[in-house]
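[1] A structural model of the following input is requested.
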Amino acid sequence: MTRVQNRRTPVRAGELDDCLRACAVHSGKVVGSLDRRRMELAEQLRKLLVVFSTDATGSAAPAPASGATALLKRAVKGAAVPAGGITNDLLDALLAVANKALECGYSDELDLALRISETVLAERRNSRAGWRLRARVLEAVGEELEAVRAYERYLELTTEDGFGVAARIAGLRRAAERERELLDLLREQCPGAAEFAAGPATDVWADGLALHAAGDWTAAEPRLVGALLALAADEAPVADRQELLSQYLDLRTGVHAPDPAALTEAVALYAEQRRLRMRGPVADPTVGGVRWIGLGEFRNLVAGKSICLIANSGRVGESGMGAEIDGYDLVVRFNSYKIDPRHTGSRTDIHATIHKHGFNWDKPVTTRLVFGGVTGDWKHSLRNRLVPGAQQYLGDESLRWPVRNIGRLGNDVWSGIPTTGFNMLWLLDFLDVSPKLDLIGFDFYESGAYRVPEAMKLAITSVHEYTSEKAWVMERAQSVTDMRISLR
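    Numbering: from 1, shown residues only. Okay, the predicted model is just below:
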């Protein structure tokens, strides 16, 4: 069972060097791993070496793919932590390592991610990314109460809840309430459990399993329920409690129960608290009566309309093209777009966004297209992030991943993960029903990003093929100026 040692006590200031040594030690564990997630973690550790060496020496040190572990160990041992504390570049590199460690999900990696979060917060008490990271790790290891507090601190420090943290808090709180209701119900249904609720939970549970195996459910059930109550009283990690609750209900289902309705009530509460932990509460399952549209219906919405696609680039943020942009029939914006009417225009007709972030999902638009490569993850995000009344039309499964699902461009043809902008542009080009199709400010991040403040810290990810996307655009361009690329 995945577990991380309890580290609720914050680390002391000045332990940045210890954290870096821990990263060095951990890099030795993942070098040569065949696990894709650990390979990606090893790459982030290698990049951390480059950043730390630059901060420590003032010039970038070479960091070959091989031997990175030894280099990092020597760098940490021989160099002092930068006098000004943690730099922005070092902070970003540490957070990148922690996020990859969290994705791995193994106990060693979760422990490393938690240590990094504590170090970041010791250096920067008001780091939004640090608090969110800490909350995610605490949630992963089952420390939900502490996770909620960290999430709340994150919300106190931000004005844009682009990661759906408020919904996550609501889900965890409601789930905890349902779990308590379930335990209260089990206590009521099995009065003899109180005798065994003082624990120790492990021994009591083992005794209950032994009695069940011997065919004595009458004696087994009070011990099993008593062990569940003891775990809750001890605030055991959520994963432990959930695992044993599931086992108990499975065992109870296999027994000839005199009161099926009582079992049904218990299973319903169990299912509800599990659902809330997975996706949070859904206040309005109909999402404000939104109309789902497929490929054909979207085609009808854009047919015959002049369309401009506005990049989230620094160039747009100082373009002065606001009035001209608002003159198009349809204005398309992406992900974490930022509005400055003088430069970006004020209207958004179509919001195209990746499902992984929740930026601008609350902004009213006519049509919202949410892109995602994995059906389950895409549906999960829609349930949690869609804001009732914020859109009239919503793209359905047929519009979930245009380049791959409609264009059938597999990895052998298009190796990189297509960006939100490219998915949208490819779709409009494929439909070919717009007399005017212009890209405004698309320089493929050469001028930097122009986003809502909370999203400015997001890295420009390397999984996309920006060079290939640019080449695709330029091959089809009818005219090109400094600010506008016209495809029609």
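[2] Asn423 versus Pro402, what's the distance?
    As defined by CB to CB, to the nearest Å, Pro402 lies at a distance of 5 Å from Asn423. Glycine gets a C-beta too; all of them are placed from N, C-alpha and C.
[3] what residues are shared contacts of these two?
    Overlap of the contact sets of Pro402 and Asn423 (by CB atoms under 8 Å, 6 or more residues apart in numbering) consists of Phe371.
[4] Where does pLDDT dip in this protein?
    1-14, 55-85, 256-258, 282-283, 285, 457, 459-465 (pLDDT under 70).
[5] Tell me which helix or strand comes right after the top strand by length along it.
    Taking DSSP state E as the criterion, the chain has its longest strand at strand 365-371. Next along the chain after strand 365-371, taking DSSP states H and E as the criterion, comes helix 375-385.
[6] packing partners for that next one?
    Contacts defined by 3 or more CB pairs under 8 Å, 6 or more residues apart in numbering; DSSP states H and E place helix 375-385 against helix 260-279, strand 365-371.
[7] if we go to 10 Å?
    Under the contact criterion of 3 or more CB pairs under 10 Å, 6 or more residues apart in numbering; DSSP states H and E, helix 375-385 touches helix 165-189, helix 260-279, strand 350-354, strand 365-371.
[8] Could you pull out the buried residues of the second one?
    With burial defined by 16 or more other CB atoms under 10 Å, the residues of helix 260-279 counted as buried are Ala262, Leu263, Ala266, Leu269, Tyr270, Glu272, Gln273, Arg274, Arg275, Leu276, Arg277, Arg279.
[9] closest to Val413 among these?
    Val413 lies nearest to Arg279 out of the buried residues of helix 260-279, by CB to CB, at 33.9 Å.
[10] quick one: contacts for Asp284?
    Val290, Leu386, Val387, Pro388, Gly389 (CB atoms under 10 Å, 6 or more residues apart in numbering).
[11] rerun at 8 Å
    Per CB under 8 Å, 6+ apart, neighbours of Asp284: Pro388.
[12] could I get the buried residues of helix 260-279 as TSV with distance to Glu318?
    Shown next, in TSV, are the buried residues of helix 260-279 (distance: CB to CB, whole Å):
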residue	distance to Glu318
Ala262	67
Leu263	65
Ala266	61
Leu269	56
Tyr270	55
Glu272	51
Gln273	50
Arg274	49
Arg275	46
Leu276	45
Arg277	44
Arg279	40
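[13] okay, stretch 364-379 in CSV with CA atoms only?
    The C-alpha coordinates for stretch 364-379 follow below in CSV (Å, rounded to 0.1, in the frame of the first residue of the first chain):
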residue,chain,number,x,y,z
PRO,A,364,-19.6,33.5,-21.1
VAL,A,365,-19.1,32.4,-24.7
THR,A,366,-21.4,31.1,-27.4
THR,A,367,-19.5,27.9,-28.0
ARG,A,368,-16.9,26.1,-25.9
LEU,A,369,-14.8,23.2,-27.4
VAL,A,370,-12.9,21.2,-24.8
PHE,A,371,-10.1,19.1,-26.3
GLY,A,372,-8.5,16.0,-24.7
GLY,A,373,-6.8,12.8,-25.8
VAL,A,374,-8.2,10.4,-23.3
THR,A,375,-12.0,9.9,-23.2
GLY,A,376,-12.2,9.2,-19.4
ASP,A,377,-10.1,12.2,-18.4
TRP,A,378,-12.0,14.4,-20.8
LYS,A,379,-15.3,13.4,-19.3
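[14] Now that stretch: buried residues?
    Under 16+ other CB under 10 Å, the buried positions of stretch 364-379 are Val365, Thr367, Arg368, Leu369, Val370, Phe371, Gly372, Trp378, Lys379.
[15] secondary structure class for the residue most central in space within the chain?
    For the chain, the residue nearest the mean C-alpha position is Lys356 (5.8 Å; CA atoms, centre = their mean). Here Lys356 is recorded as coil under DSSP: H, G, I helix; E, B strand; the rest coil.
[16] Spatially nearest residue to it, not counting backbone neighbours?
    Ser381 (7.0 Å; CB to CB, 6 or more residues apart in numbering).
[17] ok, now how distant is that neighbour from Phe163?
    11 Å.
[18] which residues do these two both contact?
    Gly358.
[19] Tell me where the stretch 1-150 of the chain has strands.
    Applying DSSP state E, counting those that start in this stretch to the stretch 1-150 of the chain gives no strands.
[20] Kindly apply the preceding question to the stretch 301-450 of the chain instead.
    306-310, 330-334, 350-354, 365-371, 391-395, 436-440.
[21] Turn the ones you listed into TSV, columns for distance to Ser107.
    Formatted as TSV, the strands of the stretch 301-450 of the chain follow (distance: least, CB to CB, whole Å):
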stretch	distance to Ser107
strand 306-310	45
strand 330-334	38
strand 350-354	30
strand 365-371	34
strand 391-395	39
strand 436-440	47
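[22] of all these, which lies closest to Arg476?
    So among the strands of the stretch 301-450 of the chain, strand 436-440 is nearest, using CB to CB, at 9.5 Å.
[23] so the closest one versus strand 306-310, what angle?
    Note on geometry: by axes from the mean of the first three to the mean of the last three CA atoms, to 10 degrees, strand 436-440 and strand 306-310 are set 20 degrees apart in direction.
[24] Now do the buried residues in the helix or strand just after strand 436-440.
    Using DSSP H and E, the helix or strand that follows strand 436-440 towards the C-terminus is helix 466-476. Going by neighbour count (16+ other CB under 10 Å), the buried part of helix 466-476 is Tyr466, Glu469, Lys470, Trp472, Val473.
[25] what separates the residue nearest to Lys356 from Leu20, distance-wise?
    Taking CB to CB, one finds Ser381 at 35 Å from Leu20.
[26] cool, and Pro281?
    41 Å.
[27] Of the two, give the one with the bigger neighbour count.
    Here Pro281 and Leu20 are compared on neighbour count by other CB atoms under 10 Å; more neighbours surround Leu20, at 25 against 14.
[28] Touching, the more buried one and Val51? I think so.
    No: taking CB atoms under 8 Å as the definition, Leu20 is not a contact partner of Val51, at 10.5 Å.
[29] Now do Thr420: how many residues are near it, please.
    20.
[30] what do you get for Asp250?
    9.
[31] what's the answer for the one 4 residues further on, then?
    Residue crowding around Gly254 was assessed by other CB under 10 Å; the count is 10.
[32] how near is it to Ala220?
    In terms of CB to CB, Gly254 sits 12 Å off from Ala220.
[33] packing partners for the longest strand of the chain?
    helix 295-302, strand 350-354, helix 375-385, strand 391-395, helix 420-431.
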